[in-house]
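Peer 1: The following comprises the amino acid sequence and a computationally predicted model.
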Amino acid sequence: MLDDAAGEASVRWARRSIAERLGGARSDGDVAPGPAVFDQPRGVFVTLRRHPDGLLRGCIGYPMPFLPLRQALAQAALSAAFDDPRFPPVAAAELGHLIVEVSVLTVPVPVDAVGAEAIARSVRVGRDGLIVEAGGRSGLLLPQVAPEQGWSAEEFLDGTCEKADLPRGAWRDPRIRIRRFEAEVFAETEPGGRVRRVSAAPSRPTARRAPRT
C-alpha cells in the first residue's frame, strides 16, 4: 500500500521525468521518491489527460513488477508522453495543460472461476483491472475504466477482449487466459497542482513490456 505522501511523490516523479526530457529545469518541489516502496518492483501505468476537458493524451505502463517502482514510473511517464502510438509526442508547451495520473498495480492473478457466469461474478467492477490473453494477443484495462464507462462485469470483460483484438465474448472460451489486478490511483487536480487519491478516472492504456536489463 502507498500512503498519500508516497502517492503524491509518484505523481511528482512522473511529471518531473517528462519535464526533464522536454528540457525543463527542476523545480524546488521536485524531489526523487524516497520511501522504501520506490525500491520495490511494482507494475505501474502513467496516464496523461488534457485539462480541463479530461481527454486522454497518453497512457502506457508495465503490468508486471519487473522494475523498481522509481524506474518503472519514469519509464512509463516517458512512454506515455512520447511513445503512445495513438498520439503525437507531447510538446513542451502542452505539459502545463496536462493532468498526470499514476496507477500502481498489484501483481495480476488468474481468474480461476469456471464457466462464464462464475467468471463474471468473480470480477468486481471498480476494484479489478483485467488482462485477457490468447493466441499471442493481450489486452489490459485499468480498474477505473469500467466505472467511467458505466460497464457491468460482462461488458468490462468484453471491452478487455476488444483491447486484445479479440471478439466480444471471447472471454467465455475456456482457452482464454484472464487475470485480474487492483490499483492505487493518484492524480493531480490540475496541472502540477494538488495530488489526490482517486477511485475512478478515464484511462485506456497500451501495455508495454519492461525492457530487458
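Peer 2: Thanks, I have it.
Peer 1: Only C-alpha atoms from now on, for both contacts and neighbour counts.
Peer 2: Will do.
Peer 1: Tell me how the chain divides into domains.
Peer 2: Domain segmentation of the chain under automatic domain parsing yields 4-106+183-207, 109-181.
Peer 1: partners of the residue nearest to T189 when sequence neighbours are not counted in the sheet?
Peer 2: Leaving aside its sequence neighbours, T189 sits nearest to V195 (CA to CA, 6 or more residues apart in numbering; 6.1 Å). When bridges are called by DSSP bridges, V195 pairs up with E188.
Peer 1: My read is that V195 contacts V11, right?
Peer 2: Yes: using CA atoms under 8 Å, V195 is in contact with V11, at 7.4 Å.
Peer 1: Can you check which residues contact both of these two?
Peer 2: By CA atoms under 8 Å, 6 or more residues apart in numbering, V195 and V11 have these common neighbours: 186-188.
Peer 1: quick one: which of these is nearest E154?
Peer 2: Taking CA to CA as the measure, F186 is the one of the shared contacts of V195 and V11 closest to E154, at 26.6 Å.
Peer 1: For my notes, confirm that closest one occurs in a strand.
Peer 2: Yes: assessed with DSSP: H, G, I helix; E, B strand; the rest coil, F186 lies in a strand.
Peer 1: okay, now it: neighbour count?
Peer 2: The number of residues packed near F186 is 27, by other CA atoms under 10 Å.
Peer 1: Equivalent analysis for R180, please.
Peer 2: 23.
Peer 1: Go ahead and report the secondary structure state at the residue nearest in space to the middle of the chain.
Peer 2: Central residue of the chain (CA atoms, centre = their mean): F45, 3.0 Å from the mean position. For F45, the assignment made with three-state DSSP gives strand.
Peer 1: pLDDT at it, what is it?
Peer 2: Looking at F45, its pLDDT is 98.
Peer 1: which residues touch it?
Peer 2: 59-63, 73, 76-77, 102-105, 205.
Peer 1: Kindly report the same for A77.
Peer 2: With contact set as CA under 8 Å, 6+ apart, A77 has these partners: 14-15, 17-18, 45-47, 60-61.
Peer 1: number of nearby residues for the residue lying closest to D158 once chain neighbours are set aside?
Peer 2: The shortest distance from D158 to any non-neighbouring residue, by CA to CA, 6+ apart, is to R168 (4.6 Å). Counted with other CA under 10 Å, residues neighbouring R168 total 17.
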